[in-house]
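Student: Predicted model follows, preceded by the sequence.
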Amino acid sequence: MPTYILLIGGPGAGKGTQAQVLREKLGLPQVASGDLFRDNLKRQTPLGQLAKQYMDRGELVPDDVTVSMIRQRLQQPDAAGGVVLDGFPRTQPQAAALDALLAEFGGRVNVVLYIQVADGVLLERLAGRWVCQGAEQHTYHLLFNPPKQAGVCDVDGTALYQRADDTAEVQGRRIKVFFEQTAPLIAHYRERGLLAAIDGEQAIETVTADLLAALSART
Ligand code: ADP
Ligand code: ADP
């Protein structure tokens, strides 16, 4: 049976950072909805152009578009054994669509890891975030996780850039959208006995250790 692990957390909580580590430790691909949108944007696809209108404002891309993108991704052969889902689902309808989709694949949501970080900390995380231009979109932080050489990715050597939606104006909107539209999923998954809440305000390695401990207790 395939394994599906969900990562939930506010913008800047550390989902992408941890998903990249979990992917290596668990041998499951990482599927990040934001990365898929940014990849489409880079390739100038119609989906990318549509998504940009929402991403630039810090709003969520409509559910039907997002769900069909995830459906296609989960049907790829490398996802047959399961995936770590980073940033999806983000709304109640997306969560319902995911249940139906995973049932089609003979699976279900196995565990939901909630990386808990206070608003003020989210803001300082986003303000210092730099991302690489490689396919895997490795993430750094000016102060908390700097690259070995300034402005260059340690892993693939591409130049680092700041995301268009990591500006001061858009950050606040994204955090608000998280609390309004995504936070209700925390209670939803807790009621189903699937939630593990992790303190995300610790060092990156400590958060990883807590996530792995939560996973081994539940899978
Ligand atoms: P962060 O890592 O800061 O949480 P993401 O890279 O996951 O941000 O998402 C960036 C943007 O992409 C979001 O602000 C939203 O516009 C869009 N997006 C990503 N995932 C979803 C989703 N599941 N549903 C709708 N929009 C999404
Ligand atoms: P998300 O995918 O949830 O939006 P990221 O993984 O992109 O979050 O992390 C946001 C920023 O915070 C990045 O610059 C990252 O390097 C940094 N970061 C991630 N986890 C931690 C942590 N535990 N402590 C300090 N900084 C962190």
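Tutor: Received the coordinates, thanks. Computed from a predicted structure; not experimentally measured. Ligands and ions are numbered 1, 2, ... in the order given.

Student: Which elements pack onto the longest strand along the chain?
Tutor: For the chain, the strand that runs over the most residues, judged by DSSP state E, is strand 109-116. In this structure, strand 109-116 makes packing contacts with strand 3-8, helix 15-26, helix 92-104, helix 184-191, strand 195-199, helix 204-218, judged by 3 or more C-beta pairs under 8 Å, 6 or more residues apart in numbering; DSSP states H and E. In short, each C-beta sits where N, CA and C put it, glycine included.

Student: try it again with 6 Å
Tutor: Contacts of strand 109-116 with other secondary structure elements, assessed using 3 or more C-beta pairs under 6 Å, 6 or more residues apart in numbering; DSSP states H and E, are made with strand 3-8, strand 195-199.

Student: Tell me the strands beside it, with direction?
Tutor: Using DSSP bridges, the strands paired with strand 109-116 in its sheet are strand 3-8 (parallel), strand 195-199 (parallel).

Student: Report the buried residues of that strand.
Tutor: Buried residues in strand 109-116, defined by neighbour count with 16 or more other C-beta atoms under 10 Å: 109, 110, 111, 112, 113, 114, 115.

Student: Tell me the bridge partners for the third one.
Tutor: Beta-bridge pairing of residue 111, defined through DSSP bridges, involves residue 5.

Student: And the pLDDT for it?
Tutor: You'll see residue 111 listed with a pLDDT of 97.
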